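# Provided below are the primary sequence and the corresponding predicted coordinates.
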Amino acid sequence: MIYASLKLIHVLSIVLWIGGMFFAHAFLRPSVQFLEPPLRVRLMHDVLKRFFAVVLVVAVLVLVTGLWMIGRVAKESVQAGLSFNMPLGWTVMATLGILMVVIFGHIRFALFKRLTRAVSASDWPAGGAALASIRTWVGVNLILGVATIAATVVLG
């Protein structure tokens with residue numbers, strides 16, 4: 001029962017993270033690009049502040065639940081007298097997932113900090129540049145997230 005609960009938390013966390021990135025990238029950003037820079041940059045800052053706070057929790061949940069599930073399967077294999085060989089799909093998923101967390105850390109703690117400073121200073125060109133960098137890295141993470149899902153489904 002605990003394995004199923006952790007897997008549910010793991011999957012729902014991934015859905016929230018990747019779905020949020022897709023929404024922001026494909027729907028929110030194109031919809032606000034016609035707003036005047038002060039309004040657009042402030043709005044995106046406020047939205048991203050809320051989203052990144054949730055993703056910070058979700059990223060931790062994904063890592064903890066993923067590592068726990070791998071560890072549990074490894075432990076059960078060893079206790080049954082078998083060697084544990086992590087499936088290729090799990091290896092790809094874990095590797096890409098860790099890379100996504102690292103990229104998110106850069107987005108949240110470097111790029112978003114630049115955006116926050118720009119908003120505080122009402123420096124709209126700097127805010128726009130920070131948003132462009134955030135958009136690029138969110139796009140990379142979105143691609144990695146979709147690739148992770150595809151690899152998990154195809155490779156098992």
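Received the coordinates, thanks.

# ok, now which ones touch the residue minimising distance to the centre of the chain?
The centroid of the chain falls nearest to residue 17 when counting by Cα atoms, centre = their mean (5.0 Å). The neighbourhood of residue 17, defined by Cβ atoms under 8 Å, 6 or more residues apart in numbering, consists of 55, 58-59, 62, 145. No exception for glycine: its C-beta is placed from N, CA and C like everyone else's.

# Next: residue 101.
Contacts for residue 101 were tallied using Cβ under 8 Å, 6+ apart; they are 59, 62-63.

# Sort out which of those residues are in helices and list them.
Among the contacts of residue 101, the members falling in helices are 59, 62-63 (criterion: DSSP state H).

# if we can go back for a sec, could you dump the contacts of residue 101 to TSV with distance to residue 30 and pLDDT?
Formatted as TSV, the entries for those read as follows, by distance: Cβ to Cβ, whole Å; pLDDT from 0 to 100:
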residue	distance to residue 30	pLDDT
59	26	98
62	27	97
63	31	97
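
# Now tabulate those in a markdown table and tack on neighbour count and distance to residue 91.
Conversion of the contacts of residue 101 to a markdown table gives the following (neighbours: other Cβ atoms under 10 Å; distance: Cβ to Cβ, whole Å):
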| residue | neighbour count | distance to residue 91 |
| --- | --- | --- |
| 59 | 21 | 19 |
| 62 | 23 | 16 |
| 63 | 16 | 15 |
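
# Let me know the closest of the residues you listed to residue 115.
Ranked by distance to residue 115 (Cβ to Cβ), the contacts of residue 101 are led by residue 59 at 18.9 Å.

# That closest one contacts residue 102, doesn't it?
No: applying Cβ atoms under 8 Å as the test, residue 59 and residue 102 come out as separate, 9.9 Å apart.

# State the pLDDT value of residue 119.
The per-residue pLDDT reported for residue 119 equals 98.

# which one is it nearest to, not counting chain neighbours?
Nearest residue to residue 119 in three dimensions, chain neighbours excluded: residue 45, at 4.8 Å (Cβ to Cβ, 6 or more residues apart in numbering).

# which secondary structure elements does the helix or strand that the one you found is a member of contact?
Secondary structure assigned from DSSP states H and E places residue 45 in helix 37-79. Helix 37-79 sits against helix 2-23, helix 29-32, helix 88-106, helix 112-120, helix 124-155, with contacts defined as 3 or more Cβ pairs under 8 Å, 6 or more residues apart in numbering; DSSP states H and E.
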